[in-house]
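In: The amino acid sequence is not available; the structure is as follows:
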């Protein structure tokens, strides 16, 4: 996480503790995407000398509390000065339960359904608001910004997916569209996504005709997308609702036909594979 | 490694390839200090958009070649843009051979000898020269700068130390003095170091009365210091010379008396524990 790129210290209500939690979340999410149990984290921070000790302490406190929440220890790392922006790096080590198999992007089959956890788009709406220089004023806006500042990784949900027989998954932090592409393309497949089934928050749907496009294209969500036979996903979805009150929404299918199509109001729309998700060097 | 703190792009002759090698070396050295076999590296780079693709490629090439040299794979990592200086982070994972024990700082005993690998001070002489804004002109100066730009980690030497029965070691990249302190102090011990036995390069001794102080206090060397019964160190030293033409110099002893003393011209000098090595937030 790079100050000025991934976050700005002047964003309203953003604490160092939340920054620390977020650093862990985005890395825990990568382990979740493989169905791994987090074990150890190495935390390397490049910090300007002007930073108050209390801020550094809060940063580590946020890191430690999110790590602990998922059974992960902070085992080491590095601390360096910098004349530039804060650069916060975490490297995580996790393990797959004995007898279990990791979730992977590889191995998807035509005809399988695609599903995504949680509700999408809140965080990117929060980011858009902040990038316009606004402060969150309404209840909805505060929810957007909170979703951006304090996402949770789907570590436990991923284990349920594994137990229920799901083998193919990825996290959508680079965008749902891009992650579907990463699952489908190497397998020589395409996908059809139902715009109306992309799980958006009520506050996002309101008054926005193409809100689904945000949910599909934007990044910032740390949810999981997975592919499996529809019945497997339906059973996994029931379990996730019971255990964690977490939605698993079936949003489409993998197809033999290449490319990703979105069904909007009964019409199939093709989206060029360029420009989806966030590219740091675009 | 942070640009402007750990290196400067304008330093004469410093290539991105050497920067990449150095990034691996300083991290491989931490594994060497534990006697671990390097396995996997995660490389996270924060790079400004203005950087030429060829430079990024050279950076990764340097990382890859040094990793490969020690049997380590680059397994993943992250790439981010930044508006500030380059920040290069590596996290390494290594393993201890079955039936073997890691080298540790803990466990030293009074009466054991202290020894250090290689020759010290070249790199910090190179750094001093560059920080004065000078270009290396003499053969000696070019050797200083090369030692700074392209150190080698003591991965293989550490394995020999282990096999020969050494259990206590550390790397001296924060300074020999500080590392001796880290070994002695938690064990409730002190140390006596023979100034004349600190292995300095010929080019450093020449014309400098207190050159030993640089070797003892300065950082930048990626050598190992270890503690063991004198006979163990003598035998290990013979093996290291045979196998790698590497010197293991016995430089002193661990003592029951706390504190670190240096014998200079037959006189014992006590050095306050403050100010040794590099502190990023001093």
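Out: Thanks, I have the structure now. Keep in mind the model is a prediction, meaning the values are calculated, not measured.
In: Do a quick rundown of the helices in chain A.
Out: Along chain A, counting by DSSP state H, helices occupy A:16-32, A:53-69, A:122-131, A:139-149, A:155-163, A:176-184, A:202-205, A:211-217, A:230-244.
In: Could you report the neighbour count for the closest residue in space to residue A:122 that isn't next to it in sequence?
Out: Nearest residue to residue A:122, sequence neighbours excluded (Cβ to Cβ, 6 or more residues apart in numbering or on different chains): residue A:147, at 3.6 Å. Backbone N, C-alpha and C define where each C-beta goes, glycine included. Other residues lying near residue A:147 total 24 when counted by other Cβ atoms under 10 Å in any protein chain shown.
In: and if you look at residue A:73?
Out: With other Cβ under 10 Å as criterion, residue A:73 counts 13.
In: pretty sure it is touching residue A:63, no?
Out: No: using Cβ atoms under 8 Å, residue A:73 makes no contact with residue A:63, being 11.2 Å away.
In: Mutual contacts of the two, please.
Out: residue A:41 (Cβ atoms under 8 Å, 6 or more residues apart in numbering or on different chains).
In: outside of the lowest-mean-pLDDT helix or strand in chain A, which residues touch it?
Out: Least confident helix or strand of chain A, by mean pLDDT, DSSP states H and E, is helix A:202-205 with a mean of 81. For helix A:202-205, the external contacting residues (Cβ under 8 Å, 6+ apart) are A:121-122, A:125, A:140, A:143-144, A:211, A:214-215.
In: returning to what we had before: tell me which of the helices of chain A lies nearest to residue B:259.
Out: The closest of those to residue B:259 is helix A:53-69. By Cβ to Cβ, the value is 28.8 Å.
In: Which among the helices of chain A is found nearest to residue A:6?
Out: helix A:16-32 (8.5 Å).
In: Provide the angle between the direction of that closest one and the direction of helix A:139-149.
Out: Put simply, helix A:16-32 runs at 70 degrees to helix A:139-149, going by axes from the mean of the first three to the mean of the last three Cα atoms, to 10 degrees.
In: Figure out how far helix A:16-32 is from the centre of its chain.
Out: 10 Å (Cα atoms, centre = their mean, to the nearest Å).
In: what residues does it touch?
Out: Contacts for helix A:16-32 (Cβ under 8 Å, 6+ apart): A:1, A:7, A:37-38, A:41, A:43, A:55-56, A:58-67, A:70, A:72, A:88, A:90-92, A:94, A:149-155, A:157-158, A:171, A:173, A:222, A:224.
In: Which members of those residues additionally contact chain B?
Out: By Cβ under 8 Å from any Cβ of the partner chain, the members of the contacts of helix A:16-32 lying near chain B are A:1, A:91.
In: Filter the contacts of helix A:16-32 down to just the buried residues.
Out: Buried residues within those, counting neighbours by 16 or more other Cβ atoms under 10 Å in any protein chain shown: A:1, A:7, A:37-38, A:41, A:43, A:55-56, A:58-60, A:62-64, A:66-67, A:70, A:72, A:88, A:90-92, A:94, A:149-155, A:157-158, A:171, A:173, A:222, A:224.
In: picking up where we left off before, nearest to residue A:113, out of the contacts of helix A:202-205: which one, please.
Out: residue A:215 (17.5 Å).
In: List the residues that contact the residue nearest to residue A:122.
Out: By Cβ under 8 Å, 6+ apart, the contact list for residue A:147 reads A:122-123, A:125-126.
In: Sounds good, over and out.
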